[in-house]
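[1] what's the 3D shape of this:
(2 chains)
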Protein chains: 2
Amino acid sequence: MKVSAATELAIRGLTELAMHFGEGPITLDTICAGRDLPKQYLTKIFSSLTRAGLIRPVRGKHGGYMLARDPKQVSLLEVVEAVQGPLWINLCTHEPPQCDQEDCPLRSVWCELQQHIREKLSSVTLADAAAPVAEVREC
Amino acid sequence: MKVSAATELAIRGLTELAMHFGEGPITLDTICAGRDLPKQYLTKIFSSLTRAGLIRPVRGKHGGYMLARDPKQVSLLEVVEAVQGPLWINLCTHEPPQCDQEDCPLRSVWCELQQHIREKLSSVTLADAAAPVAEVREC
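    Purely as a prediction, here's the structure:
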């Protein structure tokens, strides 16, 4: 039950792109400098995000990366799944299922948890991630 | 965001012990036969559960394993954390925190998710896992 380090880096990089949405491509150097991110690792992660259609690389002198869509239309769930693959909390929620115990009383527990996580991550966008915070909340 | 394969095996093994709570120790062979579990792997997992104080090994001719407490008093969260370690959904919910960006608008998202997962897993016990199911629910 972890958001991977790669996903956290992806979110930080994408947030930087979201803050500059509409301003044209931004170089990896600028993204990394703005968020204190490791360039080599982010290059790899941005390849995954490009393949997933979340960002677009732009070649040339003023090239770089830009979001493929409006940040209001890109959910955290899409980012998590682009980096970590489909979100299955465990074997019984896997599609297709990898557990054949049909009468398991825990199935509803895992299903509810997975659904809650998916709904929450679907409801938050890159625009939210790029918005200023009114109040810092502790866990 | 995964319940590991080891945790799933742990839950299945513990559920077998929960179903026979109060009947004395049960051998690993019986547990594995009842739930179709791989003995070598379960031996390793049961060592972790013993160290975490969730089960007690009993030596001797009629030895085996038994739950250290009433299954109604052992939550899924305890089992997950005994096998996978403390449940942190990501770096910002880690204790101590491993991200120093204090004004991050996503902090409340991760905190809410982590809290929901912890509450849900705390509310379900091994007794629930061992109870018969009235209705099979699909995800």
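[2] Tell me which residues are up against stretch A:105-120.
    A:77, A:87-90, A:92-93, B:1, B:3, B:11, B:76, B:109, B:112-113, B:116-117, B:120-121, B:124, B:128-133, B:136-139 (Cβ atoms under 8 Å, 6 or more residues apart in numbering or on different chains). Bear in mind the C-beta positions are built from the backbone N, C-alpha and C, glycine included.
[3] Restricted to strands, list those residues.
    Among the contacts of stretch A:105-120, none falls in strands (DSSP state E).
[4] quick one, longest helix in chain A?
    Identified as the longest helix of chain A according to DSSP state H is helix A:107-123.
[5] and residue A:45, how far is that from residue A:31?
    11 Å (Cβ to Cβ, to the nearest Å).
[6] Which residues are in contact with each of the two?
    residue A:13.
[7] Next, residue A:57: secondary structure please.
    Here residue A:57 takes the strand state, with states given by DSSP: H, G, I helix; E, B strand; the rest coil.
[8] Which positions in the lowest-mean-pLDDT helix or strand in chain A come out as buried?
    When the helices and strands of chain A are scored by mean pLDDT, DSSP states H and E, helix A:28-35 comes last with a mean of 89. Using 16 or more other Cβ atoms under 10 Å in any protein chain shown as the test for burial, helix A:28-35 gives A:28, A:31-32, A:35.
[9] likewise stretch A:49-62?
    Going by 16+ other Cβ under 10 Å, stretch A:49-62 has these buried residues: A:49, A:54-55.
[10] Among the contacts of stretch A:105-120, which are located in helices?
    The helices, defined by DSSP H, take in A:77, B:11, B:76, B:109, B:112-113, B:116-117, B:120-121, B:128-130 from the contacts of stretch A:105-120.
[11] Can you pick out the most distant pair from the residues you listed?
    B:109 and B:130 (34.4 Å; Cβ to Cβ).
[12] neighbour count winner among these two?
    residue B:109 (21 against 18; other Cβ atoms under 10 Å in any protein chain shown).
[13] pLDDT score assigned to the more buried one?
    Residue B:109 is assigned 91 on the pLDDT scale.
[14] Contacts only, for residue A:95.
    Residue A:95 touches A:86, A:88, counting by Cβ under 8 Å, 6+ apart.
[15] Helix or strand: which one has the spatially most central residue of chain A?
    Computing the C-alpha centroid of chain A and ranking residues by Cα atoms, centre = their mean puts residue A:79 first, at 2.1 Å. According to DSSP states H and E, residue A:79 maps onto helix A:76-84.
[16] That helix close to chain B?
    Yes: using Cβ under 8 Å from any Cβ of the partner chain, we find that helix A:76-84 touches chain B at A:76, A:80, A:84.
[17] And the contacts of that helix?
    By Cβ under 8 Å, 6+ apart, helix A:76-84 touches A:3-4, A:6-7, A:10-11, A:14, A:45, A:48-49, A:51-52, A:54, A:87, A:118, A:121-122, A:124-126, A:129, B:1, B:106, B:109.
[18] what angle separates that helix from helix A:107-123?
    Between helix A:76-84 and helix A:107-123, the angle comes out at 100 degrees (axes from the mean of the first three to the mean of the last three Cα atoms, to 10 degrees).
[19] Figure out how far helix A:76-84 is from the centre of its chain.
    4 Å (Cα atoms, centre = their mean, to the nearest Å).
[20] What is the three-state secondary structure of the closest residue to residue A:70 other than its chain neighbours?
    Closest residue in space to residue A:70, ignoring its immediate chain neighbours: residue A:21 at 6.9 Å, by Cβ to Cβ, 6 or more residues apart in numbering or on different chains. What three-state DSSP gives for residue A:21 is coil.
[21] tell me, how many neighbours does residue A:21 end up with?
    Each residue near residue A:21 was counted by other Cβ under 10 Å, and the total is 18.
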